[in-house]
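Engineer: Need the 3D shape of this:
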Amino acid sequence: MPKGQYSDEKILLIASYREEYDRNTLGKIRKYILKIQPDRIIISKIIEEDSTSELVDANLGMEEKKDFLETVREGKKNQADEHAENLIKMVEAMGIPAEVRLRKTEEISDEIIQDFNQIGVDYVIIHSSKKGPISSIIEGSTAKKVKKELPEKTVIPVD
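Structural biologist: Numbers count the residues shown, from 1 in each chain. As a prediction, this is how the structure comes out:
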């Protein structure tokens, strides 16, 4: 099994974005953790933050725009916290050293790939591609891009 590029420790990154992992999926993640036996786990709560809409620019004054965007960001942060809550509890209960990171990005897949390369992650757990045509477009694009860009055996999609 590969080792982190900056040390001999085995690092697992679990990406949490857009939706929480359900009870069944958390069980699958737990089994992967037991199989991989990482020395450290990084839970990356990722918030997708698109660039400011021109509509917002045109229809709001500067102070109103600032308040509006802050409200949207706070809502997204709270949602990211909720999505990762059960995952964090499970990892803490397993007693494996863990780090929780909050990331903001325009493209979730790019953030996962960047963390993989910069931190020296050995394995990445991500949401799998969804089945339906609309779900596939919304949810599957991240999984597909990450699987395409990273070494095949390092990406573990779960549903």
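Engineer: Check the burial of Glu74 by counting its neighbours.
Structural biologist: By other Cβ atoms under 10 Å, 10 other residues sit near Glu74. Bear in mind the C-beta positions are built from the backbone N, C-alpha and C, glycine included.
Engineer: One more: Glu107?
Structural biologist: Glu107 has 15 nearby residues by other Cβ under 10 Å.
Engineer: Setting the sequence-adjacent residues aside, check what's closest to His83.
Structural biologist: Distance criterion Cβ to Cβ, 6 or more residues apart in numbering; nearest residue to His83, sequence neighbours excluded, is Glu20 at 4.2 Å.
Engineer: separation between that neighbour and Asp110?
Structural biologist: Per Cβ to Cβ, to the nearest Å, Glu20 is found 22 Å from Asp110.
Engineer: Which one of those two is surrounded by more residues?
Structural biologist: Under the criterion of other Cβ under 10 Å, the comparison of Glu20 against Asp110 puts Glu20 first, with 18 against 14.
Engineer: For Asn78, what is the enclosing helix or strand?
Structural biologist: Assigned by DSSP states H and E, Asn78 belongs to helix 62-94.
Engineer: Helices along this structure, start to end?
Structural biologist: In the chain, the helices defined using DSSP state H lie at 23-36, 54-59, 62-94, 108-115, 133-149.
Engineer: Least confident secondary structure element in the chain?
Structural biologist: helix 54-59 (a mean of 52; mean pLDDT, DSSP states H and E).
Engineer: Contact partners for the closest residue to Leu26 other than its chain neighbours?
Structural biologist: Distances taken as Cβ to Cβ, 6+ apart place Met90 nearest to Leu26, at 5.5 Å, with adjacent residues excluded. Applying Cβ atoms under 8 Å, 6 or more residues apart in numbering to Met90 gives the contacts Leu26, Ile29, Arg30.
Engineer: Tell me the one among those residues nearest to Ile46.
Structural biologist: Within those, distances to Ile46 taken as Cβ to Cβ reach their minimum at Ile29, with 16.2 Å.
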